[in-house]
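>>> below: sequence and its predicted model.
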Amino acid sequence: MAYFNHAFEKAFLGTGETQVGTTVTLLNGTTTTASTDNGWMYTAGLPTYVLNQLKANAGSTLENGYIGIFDPKLNTSILPSDCCNIYLAGSAIYDNDKIGPLTGGYQETNKSKMINPKYVSHFYSVDPCGPQNNVIHVGSTYWTAGGGALTTGAIVPGTGYAATGVTTVTGGTGEGLVVSFVAGGGTVDSVAIINPGKGYTAGDVVTLVGGGNDATVVISTVTDAHPQEGCGLTPECCKEFLCGETYYLRLDVKGSPALRFLNHNAYATVDAYTGCCAPDAIAPTAVDSTTVFIAWANAIVNNPIVSPFIQPVVQAEDGTLWYAPGTSAAFLASVGADTWNNYVSPGHVDGACAGLILNGAYVDTRFGDCTFQVSDFYEKEPVKLYASEVDYNGEPCLFTTLCVVTECQGRQVQGLGETVVRELTLSESYRQNFLATDLRIREITQGNQIISSIDRGGLYYRYVLIHSVPRFNNPSGTFDNDQYALTVYSQLPLAGFYSAIAGWLDGCGNTCGLDEFQCETDCDVLVTFPTLPVYNPYNVVSCN
């Protein structure tokens, strides 16, 4: 490793359940107890093989892994408090110690090199971060126009309501608000916002439809308006659409999913014709803008190029939400909405405008555990959406265009189990425990247990300790170091483990490179999107 500029990687699993006072048996026949904080054993004075006993005591032997900090002289667990050398050890992945009459030792614990605190260059933790879809708004929605309700406040319980339900409201300065409620004995106990509507003002008192029509709730906070800025033109968030015209919306989808699907970024221009003007109309008159956005949304879901990547939801002039035809009835009932093919236009209301909410969404197929290969592709990058109103030549800059505002930037998932299983496979291959490509050989050599020890769809914390082992005697005459990166993976935070290592380094005067990397603040979209379908539904789920 001295001739490479990267570190030798070694993976440990700290995925175990918390155990307090678990009885363990030592080699001399005596029993004692061991305790863990999730996957970290913090009881001092125990040998490494106790980690395997803790794993066997846990409910699931494969998905539970335990780690400990050990004294290299006594080979017993410690809570290091001074400037001493240590090593990390983890429980074995494999259930069987032998895979034949000769080959054995598979249940030996996984140990690191001896670690001198003076030679630790970095120790950091990385929190897992869930993915975030890119969500943009076109035209007048709760995000661009403002007034979409965020939270509810004081409740007057009313009478005669069902135990639970989803209902619209009356009153207030806005329109379209839909809430869910929980009621006990006919009186409303709690209220949650499902569709934020738009145009509401903080302090509005609205009445829940249903029961005795007498339960009220105060709208505590609402969204601010976010009109488009900095485009050099004058984009309108509330635009009037006229009869007898065709309006065009260009959509661009960028990112790895689109590139893998088409070998280039996806784009499409969809159009909406507003219909003929009335025979007696002297000049073009304004139409219900909801019909324009429904036409665009319908063209999006029927476009084979961009439809796999975009989920459109229309917010009508009256603030109600309209979903794509084919959306499940159960979902629609849960959000108190309907599909846009059932929309009946009441006509245009002066000063009222509709909008379109676009969710950048794509779910790729993946192969199951039995056919898993480390070279299998898995998608992490979210698609990026771009939209703009254009003229019939595709030119966006020759007229006052429709505003487009981003509510949520796309965010890539961090700490995904798909990544962890590949890191673990690499680490085990360094130990000569290879993951065979032949399924029968994989089963014989317990390679299946490498995969089964990780929840490939889960999210994992990472604790990374980077240290070096100097080569004081090098035949080349050059003084250099072997560098090691030890990574502990856990689905729950190992705060005690992090504190123990940080305190140990601090006790030796080494505080360089102590970091805790956390996620950005989540972007909570106010509307609910249906569950995404897998674009290619083929998926290997069994080995039969």
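That came through fine.
>>> mind giving me the domain split of this structure?
8-129+416-517, 147-222, 246-408 (automatic domain parsing).
>>> redo these as CSV? Include mean neighbour count, mean pLDDT and distance to Cys523.
For every residue, glycine as well, the C-beta is placed using N, CA and C. As requested, these are exported to CSV (neighbours: other Cβ atoms under 10 Å; pLDDT from 0 to 100; distance: least, Cβ to Cβ, whole Å):
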stretch, mean neighbour count, mean pLDDT, distance to Cys523
domain 8-129+416-517, 17, 90, 12
domain 147-222, 19, 94, 13
domain 246-408, 18, 90, 4
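>>> export those domains to TSV and append columns for distance to Thr141.
Listed next are the domains of the chain as TSV, based on distance: least, Cβ to Cβ, whole Å:
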stretch	distance to Thr141
domain 8-129+416-517	27
domain 147-222	7
domain 246-408	4
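>>> between those domains, which gets nearest to Leu526?
The closest of these to Leu526 is domain 147-222. By Cβ to Cβ, the value is 4.5 Å.
>>> how far does that closest one stretch from start to finish?
Chord length of domain 147-222, first to last residue, is 5 Å (Cα to Cα, to the nearest Å).
>>> give me the most central residue, this structure.
Gly130 (2.3 Å; Cα atoms, centre = their mean).
>>> quick one: that residue and Gln412, what's the gap?
Distance, Gly130 to Gln412, using Cβ to Cβ, to the nearest Å: 10 Å.
>>> list residues touching both of the two?
Listed as contacting both Gly130 and Gln412 by Cβ atoms under 8 Å, 6 or more residues apart in numbering is no residue at all.
>>> right, and Phe517 touches Asp127 too?
Yes: between Phe517 and Asp127 there is a contact at 6.5 Å, judged by Cβ atoms under 8 Å.
>>> what does stretch 203-211 rub up against?
Against stretch 203-211 from outside (Cβ under 8 Å, 6+ apart): 158-162, 165, 167-174, 177, 179, 181, 183, 186, 188, 191, 200, 213-219.
>>> equivalent analysis for stretch 68-81, please.
40-48, 50-51, 84-90, 111, 114, 497, 500-501, 503-504, 507.
>>> run the chain-centre distance for that stretch.
Taking Cα atoms, centre = their mean, to the nearest Å, one finds the center of stretch 68-81 at 37 Å from the center of the full chain.
>>> ok, stretch 287-304 next?
From the chain centre to the centre of stretch 287-304 is a distance of 29 Å (Cα atoms, centre = their mean).
>>> and that stretch, C-alpha only, in CSV?
What follows is stretch 287-304, C-alpha atoms only, in CSV (Å, rounded to 0.1, in the frame of the first residue of the first chain):
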residue,chain,number,x,y,z
VAL,A,287,-60.4,31.5,-20.4
ASP,A,288,-60.2,29.3,-17.3
SER,A,289,-56.4,29.0,-16.9
THR,A,290,-56.9,25.6,-15.2
THR,A,291,-57.8,24.1,-18.5
VAL,A,292,-54.4,25.3,-20.0
PHE,A,293,-52.4,23.7,-17.2
ILE,A,294,-54.5,20.5,-17.4
ALA,A,295,-53.8,20.3,-21.1
TRP,A,296,-50.0,20.7,-20.5
ALA,A,297,-50.1,18.1,-17.6
ASN,A,298,-52.0,15.7,-19.8
ALA,A,299,-49.5,16.1,-22.6
ILE,A,300,-46.6,15.5,-20.1
VAL,A,301,-48.0,12.2,-18.8
ASN,A,302,-48.6,11.0,-22.3
ASN,A,303,-45.2,11.9,-23.6
PRO,A,304,-42.9,8.9,-23.8
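>>> use 47 as the first number from now on
Got it, the first residue is 47 from now on, which makes the last one we talked about stretch 333-350.
>>> what about Gly211, which SS state?
strand (DSSP: H, G, I helix; E, B strand; the rest coil).
>>> my read: Glu63 touches Ala104, true?
Yes: the pair Glu63 / Ala104 is scored as a contact, 5.1 Å apart, by Cβ under 8 Å.
>>> between those two, what contacts are shared?
With contacts defined as Cβ under 8 Å, 6+ apart, the residues shared by Glu63 and Ala104 are Asn110.
>>> strands of the stretch 347-496 of the chain, start to end?
For the stretch 347-496 of the chain, applying DSSP state E, counting those that start in this stretch gives strands covering 356-361, 367-369, 384-385, 401-406, 430-436, 450-454.
>>> nearest to Lys300, of these?
Across those, closest to Lys300 is strand 430-436 (Cβ to Cβ), at 4.6 Å.
>>> partner strands of that closest one and their direction?
Counting by DSSP bridges, the strands paired with strand 430-436 are strand 292-300 (antiparallel).
>>> which other residues reach the partner strand?
The contact list for strand 292-300, computed with Cβ under 8 Å, 6+ apart, reads 184, 287, 311-320, 338, 342, 346, 352, 355-356, 404, 406, 429-438, 440, 442, 448.
>>> now that strand against strand 401-406, angle please.
Relative orientation of strand 292-300 and strand 401-406, computed by axes from the mean of the first three to the mean of the last three Cα atoms, to 10 degrees: 20 degrees.
>>> distance between the following helix or strand past strand 292-300 and the chain's centre?
Per DSSP states H and E, the first helix or strand lying C-terminal to strand 292-300 is helix 302-308. Computed by Cα atoms, centre = their mean, the separation of helix 302-308 from the middle of its chain amounts to 20 Å.
>>> can you check stretch 555-571 too?
How far stretch 555-571 lies from its chain's middle: 17 Å, per Cα atoms, centre = their mean.
>>> list the contacts of it.
With Cβ under 8 Å, 6+ apart as the test, stretch 555-571 has contacts from 129, 163-164, 166-176, 178-179, 181, 405, 453-455, 457, 460, 512, 544, 548, 551.
>>> Gly60 against Phe543, yeah?
Yes: with contact defined as Cβ under 8 Å, Gly60 reaches Phe543; the gap is 6.9 Å.
>>> between these two, which contacts overlap?
86, 113, 509, 534.
>>> got those as CSV, with secondary structure and distance to Gly393 columns?
Formatted as CSV, the shared contacts of Gly60 and Phe543 follow (DSSP: H, G, I helix; E, B strand; the rest coil; distance: Cβ to Cβ, whole Å):
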residue, secondary structure, distance to Gly393
Trp86, strand, 66
Ile113, strand, 67
Tyr509, strand, 62
Val534, strand, 63
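>>> mind putting these into JSON lines with distance to Thr76?
Compiled in JSON lines, the shared contacts of Gly60 and Phe543 are given as follows (distance: Cβ to Cβ, whole Å):
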{"residue": "Trp86", "distance to Thr76": "24"}
{"residue": "Ile113", "distance to Thr76": "24"}
{"residue": "Tyr509", "distance to Thr76": "32"}
{"residue": "Val534", "distance to Thr76": "29"}
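>>> pick out whichever of those residues sits closest to Asp422.
For these, the closest approach to Asp422 (Cβ to Cβ) belongs to Val534, at 24.7 Å.
>>> can you name the residues bridging to the residue lying closest to that closest one once chain neighbours are set aside?
Closest residue to Val534 apart from its sequence neighbours, by Cβ to Cβ, 6 or more residues apart in numbering: Tyr509 at 4.3 Å. Tyr509 forms beta bridges with Ser171, Val534, as assigned by DSSP bridges.
>>> hang on, the earlier thing: show the pLDDT at the residue nearest to the centre of the chain.
Gly176 carries a pLDDT score of 89 in this model.
>>> ok, now which ones touch it?
With Cβ under 8 Å, 6+ apart, Gly176 has these contacts: 459, 505, 565, 568.
>>> mark which of those residues are buried, thanks.
With burial judged by 16 or more other Cβ atoms under 10 Å, the buried subset of the contacts of Gly176 is 459, 505.
>>> looking at the contacts of Gly176, which is nearest Glu489?
For the contacts of Gly176, the nearest to Glu489 is Leu505 (28.1 Å; Cβ to Cβ).
>>> now do the same contact list for the closest residue to the closest one other than its chain neighbours.
Leaving aside its sequence neighbours, Leu505 sits nearest to Pro174 (Cβ to Cβ, 6+ apart; 3.5 Å). For Pro174, the contact set (Cβ under 8 Å, 6+ apart) comprises 459-462, 505-507, 565.
>>> against Val436, how distant is Pro174?
To Val436, Pro174 is 40 Å away according to Cβ to Cβ.
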